[in-house]
Each structure stands twice: as structure tokens, then as C-alpha cells.
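> model the structure of this input:
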Amino acid sequence: MNNIQLIKEKNAVLVPIKDWEKMQRELIRLRKRAAKDDLLKDLSQAIAGIEADLKLPPSRRKKRKSADEFLQEMQDA
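From the prediction side, this is the model:
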């Protein structure tokens, strides 16, 4: 990426197309990884919540939902 040029009078940067395409591929890869990390974090939190709920006596556990109620809640979120 030695061919990058700064154009001060236009407040711009000129990048060769091959370098630009390489940066775009890397950006896509990083966005996918960030999305995957977010999904794994959310899943981990959900599992921890389920485990905590299961440790409670049955009378203190969260109200159970039907599959239809659960799906409706997911669509609303």
C-alpha cells in the first residue's frame, strides 16, 4: 500500500484499486467476525440465564411460554 496518495486540497485519499479491494475484503471479514462474536456472546448470556433459572426452586422459576408465544416474542424483538 505504498501507492496511497493524500490530496490535501480536496480532503481525499487516492488508493490503487487492488489495495482498495483488499481493504474491502478485510473489512467484510472483520464485520463477519464481529457479528459471530456478538452472536456467541448473546448465546452465552442466554445459556447462563437458563442455568440460573434452573437452579431456582420450581415455584420461583420464570413463567414458561408456549412455542407460539416464544416465536411471537422473537419476531417482536
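> run the chain-centre distance for the helix or strand where Asp68 lies.
Applying DSSP states H and E as the criterion places Asp68 in helix 67-76. How far helix 67-76 lies from its chain's middle: 21 Å, per C-alpha atoms, centre = their mean, to the nearest Å.
> secondary structure class of Leu6, three-state.
Recorded secondary structure, Leu6: strand (DSSP: H, G, I helix; E, B strand; the rest coil).
> what sits against the residue nearest to it when sequence neighbours are not counted?
Nearest-residue entry for Leu6: Val13, 5.8 Å, with adjacent residues in sequence omitted and distances by C-beta to C-beta, 6 or more residues apart in numbering. (C-beta placed from N, C-alpha, C; glycine too.) Contacts of Val13 were listed using C-beta atoms under 8 Å, 6 or more residues apart in numbering, and they are Ile4, Gln5, Leu6, Ile7.
> out of the residues you listed, who's the most crowded?
With neighbours defined as other C-beta atoms under 10 Å, the most crowded of the contacts of Val13 is Ile4; it has 11 neighbours.
> phi, psi for the closest residue to that residue other than its chain neighbours please.
Excluding its sequence neighbours, the residue lying closest to Ile4 (C-beta to C-beta, 6+ apart) is Val15, at 5.3 Å. Torsion angles at Val15 (phi, psi; degrees, to the nearest 10) stand at phi -120, psi 130.
> give me the neighbour count for Val15.
15.
> if I look at it, how far off is Asp76?
Relative to Asp76, Val15 is positioned 43 Å away (C-beta to C-beta, to the nearest Å).
> what ranges do the strands span in this structure?
5-7, 12-14 (DSSP state E).
> and these as JSON lines, adding distance to Arg61?
Formatted as JSON lines, the strands of the chain follow (distance: least, C-beta to C-beta, whole Å):
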{"stretch": "strand 5-7", "distance to Arg61": "61"}
{"stretch": "strand 12-14", "distance to Arg61": "57"}
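> could I get those strands as TSV with mean pLDDT and distance to Arg64?
Listed next are the strands of the chain as TSV, based on pLDDT from 0 to 100; distance: least, C-beta to C-beta, whole Å:
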stretch	mean pLDDT	distance to Arg64
strand 5-7	90	61
strand 12-14	93	57
